[in-house]
Each structure stands twice: as C-alpha cells, then as structure tokens.
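S.K.: no letters, just coordinates:
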C-alpha cells in the first residue's frame, strides 16, 4: 500500500451536502475506514469546505458535533425557479460549448449580485470563514475548484496558486444567482460545480479513489461523476451518493440549515452500509 496514491474527492451539495459528507466520513472512520489520510483531497463547492476542514486538521467527531447543533446565524437560501430557468436557457443555447455555458451562468451570477438578489461578498466571506478551521492553506495537498464568471474558464486553486484559502473556498461555494461571485486577483469566480458536481477527474493518476457525491448526476454540460471516473481504468474507485434515508433527510432544499443535523446523522448511518465497499477501494 505504501506506493499506492490515494485521493478523496468531495462533491458539491449545499449546506446539507457539507453535513452529509461529514457524517459519512465520521461513520466510515468509526467503521475503521479513515479517508482523511488521503494524499490528495479535491473539494468542489460544499466539498471544498469539508476538504479544507479535513486537511486543516479538524477532528471528525468535532466536525460532526458542530453539524448536529441547531443552526444559529445562517439564513435559508434556495434555488428559485427563475434561476433554474436561466440555467436551462444557458444549456439550451450553448449545446456542446461547455465553457460558453459557464460564462453565461457567470453572467447570471453577476446580474443577480448587481440587482441586490444575493448577500454581499463580505457577508459570504464571513459565513465561509466561520466554517473553516484556519485561514492558511494546509500542508496537505488540497485542490479547490471554481469557475471564472467572465470567461467560463475552469480553475483549480491550491497552495501554490497564491490565492487565500478563504477566497478560494468561498468562490467554490458561490452558487450562481444565490450567492455573489468572489473576487480573486481582480477576477470574479463562481461555483466549481458548474463544470462538474465533483470534478473527480482532477484525481487522475491516483491508484485509489473515493468520491463522496451528494449530487452525483450531471445535467447537460455539467459532467456526472460516473462519466469522469469510468475513464480511470487503472484505479480502484468507490463512489458514494445519498441512499434513500439520506435523501429523505436532505430534503428538497440543500441550502436549508434546518436540514443540516438530519443530513449529518443520515450520512453517518449510511456509512455502515458502504464501509466494506469503500474499504475495498481504499485498502483492499
């Protein structure tokens, strides 16, 4: 096992996705499968928060305990029908041009911010900052994904990028039309999930891969997890997505803090059912 490179990919899925992933990680560790030792952690949107915590030295049990506490300051947000319609239109008019789709969604994000339909950028930075265990990049290999709102270009930030960790994670979590784009180096960035819900292909070249994907499916130009991992023929791969119990706990609005505790507990309960399969990919 010493020469086998491991990667943990943490996908997007809102506030409930953060909670579910933490619950699952805690449950897997309890079952003897500790994924936090991964050589590479890739975080997209919700997964960037969890990835920053895990690589930053946070203890899983402390992370879990925080998730099951009653929500305090965070407000409920939601993806509106109007937003979904704008996404659908962007997909329709940019078929086969993925970067152009992301650019158009970036326009949606910038327009929503200008119209005052999102929190301010500083308000979002404060929320994200409260979720992190520190402001510095970890010594571990952490990759955080985002998209340039103006060009649609996909970007992967890490310690070598020179970008502050807080801004990188906040950008990765900037759901277009719901939260404002985040300013980095004079550019504005949005959710890395606009390329893929997990961006698992960034773990290409690793021998053992586990993907925790609150939202595994892709839509149109947003690539699914399965489409990305099927090309990794030389790697042992396990993809875990919410089971029926977890789906029920998560509910319809992944941005509702009130569903956080139930999602964390459901993820932890689900761990028992997937532990053997995950262990086979990780250490088998």
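M.R.: Cool, the structure landed. Keep in mind that what you see is a predicted model, and the values were worked out from it rather than measured. Residues are numbered from 1 along each chain as shown.

S.K.: helices and strands around the longest helix along the chain, which ones?
M.R.: Taking DSSP state H as the criterion, the chain has its longest helix at helix 260-282. Contact partners of helix 260-282 among helices and strands, from 3 or more Cβ pairs under 8 Å, 6 or more residues apart in numbering; DSSP states H and E: helix 14-30, helix 60-67, strand 208-212, strand 236-240, helix 244-250. Glycine gets a C-beta too; all of them are placed from N, C-alpha and C.

S.K.: pretty sure residue 76 sits in a helix.
M.R.: No. Under DSSP: H, G, I helix; E, B strand; the rest coil, residue 76 falls outside any helix and is assigned coil.

S.K.: what ranges do the strands span in this protein?
M.R.: 6-10, 40-43, 141-148, 154-157, 182-184, 187-191, 208-212, 236-240 (DSSP state E).

S.K.: what about residue 25, distance to residue 85?
M.R.: 35 Å (Cβ to Cβ, to the nearest Å).

S.K.: which one's more surrounded, the two?
M.R.: residue 25 (27 against 10; other Cβ atoms under 10 Å).

S.K.: next one, pLDDT for that one please.
M.R.: On the pLDDT scale, residue 25 is placed at 98.

S.K.: use 260 as the first number from now on
M.R.: With 260 as the first residue, the last one maps to residue 284.

S.K.: tell me which helix or strand of this protein sits lowest on mean pLDDT?
M.R.: helix 340-352 (a mean of 89; mean pLDDT, DSSP states H and E).

S.K.: and that helix, what does it pack onto?
M.R.: Contacts defined by 3+ Cβ pairs under 8 Å, 6+ apart place helix 340-352 against helix 357-373.

S.K.: you'd agree residue 369 is up against residue 442?
M.R.: No. Shown here, residue 369 and residue 442 do not form a contact pair, counting by Cβ atoms under 8 Å, at 11.5 Å.

S.K.: those two - which one has more neighbours?
M.R.: Neighbour count, other Cβ under 10 Å: between residue 369 and residue 442, residue 369 has more, with 19 against 15.

S.K.: so what's the more buried one up against?
M.R.: 408, 440, 447 (Cβ atoms under 8 Å, 6 or more residues apart in numbering).

S.K.: what is the burial count for the second one?
M.R.: By other Cβ under 10 Å, 27 other residues sit near residue 440.

S.K.: coming back round to it: nearest to residue 431, of the helices and strands packed on helix 519-541?
M.R.: helix 273-289 (11.9 Å; Cβ to Cβ).

S.K.: now do the closest one: distance to the chain's middle.
M.R.: Helix 273-289 sits 12 Å away from the centroid of its parent chain (Cα atoms, centre = their mean, to the nearest Å).

S.K.: point out where the stretch 260-409 of the chain drops to low pLDDT.
M.R.: 260-261 (pLDDT under 70).

S.K.: repeat the analysis, applying 50 as the threshold.
M.R.: Applying pLDDT under 50 to the stretch 260-409 of the chain picks out residues 260.

S.K.: my guess is residue 536 contacts residue 498, does it?
M.R.: No. Here residue 536 does not reach residue 498: they are 9.5 Å apart, not a contact under Cβ under 8 Å.

S.K.: who's more crowded, these two?
M.R.: More crowded of residue 536 and residue 498, by other Cβ under 10 Å: residue 498, with 22 against 15.

S.K.: circling back to that earlier point, quick one: which of the strands of the chain is nearest residue 435?
M.R.: It is, among the strands of the chain and with distance given as Cβ to Cβ, strand 446-450, at 5.1 Å.

S.K.: show me what that closest one is packed against.
M.R.: Counting by 3+ Cβ pairs under 8 Å, 6+ apart, strand 446-450 packs on helix 357-373, strand 400-407, helix 424-431, strand 441-443.

S.K.: partners of that strand in the sheet?
M.R.: strand 400-407 (antiparallel), strand 441-443 (antiparallel) (DSSP bridges).

S.K.: tell me the most buried of those?
M.R.: The highest mean neighbour count among those, using mean count of other Cβ atoms under 10 Å, belongs to strand 400-407: a mean of 26.

S.K.: now the angle between helix 424-431 and that one, please.
M.R.: 50 degrees (axes from the mean of the first three to the mean of the last three Cα atoms, to 10 degrees).

S.K.: thanks again, I'm all set now.
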